[in-house]
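Participant: Any chance you could fold what I've pasted below:
(chains A and B)
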Amino acid sequence: MASENLTSSEYIKHHLTNLTYGKFPEGHEHAGHWGFAHSGQDAADMGFWAINVDSMLFSVGLGVLFLWLFRKAARTATADVPGGWQNFVEWIVEFIDDNVRGSFSGKNPLVAPLALTLFIWIFLMNLMDLIPVDHIPWLAGLLGVGHLKIVPSTDPNITFGLALPVFLLVLFYSVKMKGLGGFFGELAFHPFPKWMAPVNLVLEGVTLLARPISHSLRLFGNMYAGEMIFILIAMMYSGGIAIAAFGGLLQLGWAIFHILIITLQAFIFMVLTIVYLDMACATDH
Amino acid sequence: MENALFYIAGGLMMGLGALGAAVGIGILGGRFLEGAARQPELIPMLRTQFFIVMGLVDAVPMIAVGIAMYVMFAVAA
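Facilitator: Coordinates of the predicted model:
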C-alpha cells in the first residue's frame, strides 16, 4: 500500500489520477502559473490546455522501444539460421500480413505497417497493466511525483488519440476512392430508397460517427476495468495475512486472465482498423 | 442511506451487463461448436473469428464492471 492513512476511496482515486501539467485557473493559490496539478480537481480545472505528462511519457517511450526493438531485428536480419528475436519478429510480421490479406481486399501500402504499429504499440501499452499497481507510483512518490498512472491505455485521451487518426484515414480514403459525391451517395442513399435521403443521412451519419467513439472506448474501458480490479485486489493486502494471501492468489489469477484480454484488445483494435479502412476503400457498393 | 443507491446502481450495472454478455457469448459459443462439428478443417479460422467477436461482445460488460466497481468502492465509500 502506498500509505496506511488513506481510505480505500482515496487510494483508488489516487491511483486513477494522471500527472497533469497545465495552467492553474483563476481563484487557485497558484493562479496564472504553469505547473503540475496537485489533485484530480486541479487537473479538471485546468481545462483543455493541460497535458497528461505520464500518459505521454509512457506511450511515446513504449513507441520508441517498439521502433528500436524492431529496427534492431531488421538490421541484424540474416538469411542464415535466424536468432530467437528475429524469428519472433518474423512471426509477428507474418501474422499481421495474413490478417491484412484476409480482411483488406484492395491494394494499399499503408495498411499493413499501420496495423503492425497499432498492434504492437497497443500491446506494449496494455502490458504496463501487468506491472503491480503500487511499484512504479511508489518509486515516483519517492522522487516527489504525487500522481503517476503507468498504463497509457487507461487514459481516454490516448485511446481517442489512436482512434481519431484512423477515423481521419477512413474519411480520406472514402473521399479519395469514391469521390465526394460517391461518399455522400453512400451516406445518403443506402438503407432506404433515394426519397428518404434525410433519414438515411441521419442513420448512416450516426453509424459513421459512432465508430471512432466505440473504437477508442472499447480499448479504454477494458483497460480501465482491468486496472480498477487490480487496484481493488491490491487493497486486500492491507487486510491481515489470510486476506492478503487470498488477494495474492486473486492477483495472479486476474493477471493470467488479463494476458488474454490485453492481447485480444490490441488485436481487435487492429482488426477493426483494417476492416474500417477496407470499407472505406471498397468501391463496389 | 443515500449510499445504498450507489450499491444498487453498481449491482444493476454488473448484473444487466453480465446478462447480455452471457446470452451473446452463449449463442456465439454454440454456433462455434456447431460450425466446428460440421467442418473440423475450418477450426483455426473459426477460432480466430470467435475470439474477435468474443472481444467485441465482452467489451461492454467489462466496461460496466469497471464503472460499477468505481461507483461502489470509490464514489460510495
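Participant: How about the residues of chain B by chain A?
Facilitator: B:51-52, B:54-56, B:58-60, B:62-63, B:65-67, B:69-70, B:73-75, B:77 (Cβ under 8 Å from any Cβ of the partner chain). For every residue, glycine as well, the C-beta is placed using N, CA and C.
Participant: how about a cut-off of 7 Å?
Facilitator: B:51-52, B:55-56, B:59, B:62-63, B:65-66, B:69-70, B:73-74, B:77 (Cβ under 7 Å from any Cβ of the partner chain).
Participant: quick one: which two of those are the most distant?
Facilitator: B:Ile52 and B:Ala77 (37.0 Å; Cβ to Cβ).
Participant: Neighbour count for those two, which is higher?
Facilitator: B:Ile52 (17 against 14; other Cβ atoms under 10 Å in any protein chain shown).
Participant: Show me which parts of the longest helix along chain B are buried, residue by residue.
Facilitator: Counting by DSSP state H, the longest helix found in chain B is helix B:2-38. Buried positions in helix B:2-38, judged by neighbour count with 16 or more other Cβ atoms under 10 Å in any protein chain shown: B:Phe6, B:Ala9, B:Gly10, B:Met13, B:Met14, B:Gly17, B:Ala21, B:Gly24, B:Ile25, B:Leu28, B:Phe32, B:Gly35.
Participant: do stretch A:144-158 as well
Facilitator: Buried positions in stretch A:144-158, judged by neighbour count with 16+ other Cβ under 10 Å: A:His147, A:Leu148, A:Lys149, A:Ile150, A:Val151, A:Pro152, A:Ser153, A:Thr154, A:Asp155, A:Pro156, A:Asn157, A:Ile158.
Participant: looking only at pLDDT, what's the mean for it?
Facilitator: Averaging pLDDT along stretch A:144-158 gives 84.
Participant: Restricting to C-alpha, output it in CSV.
Facilitator: C-alpha atoms of stretch A:144-158 as CSV (Å, rounded to 0.1, in the frame of the first residue of the first chain):
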residue,chain,number,x,y,z
GLY,A,144,8.4,13.7,-5.2
VAL,A,145,5.9,13.0,-8.0
GLY,A,146,2.5,12.7,-6.5
HIS,A,147,0.4,11.1,-9.1
LEU,A,148,1.5,8.6,-11.8
LYS,A,149,-0.6,6.4,-14.0
ILE,A,150,1.7,4.0,-15.8
VAL,A,151,-0.9,2.4,-18.2
PRO,A,152,-1.3,4.9,-21.1
SER,A,153,-4.3,3.0,-22.5
THR,A,154,-6.3,3.6,-19.3
ASP,A,155,-6.3,7.3,-20.3
PRO,A,156,-9.2,8.1,-22.8
ASN,A,157,-7.0,10.8,-24.3
ILE,A,158,-4.6,8.2,-25.6
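Participant: in chain A, what residue is nearest chain B?
Facilitator: Using Cβ to the nearest Cβ, the closest approach of chain A to chain B is made by A:Ala225 at 2.6 Å.
Participant: That residue - that's part of a helix, no?
Facilitator: Yes. The assignment for A:Ala225, made by DSSP: H, G, I helix; E, B strand; the rest coil, places it in a helix.
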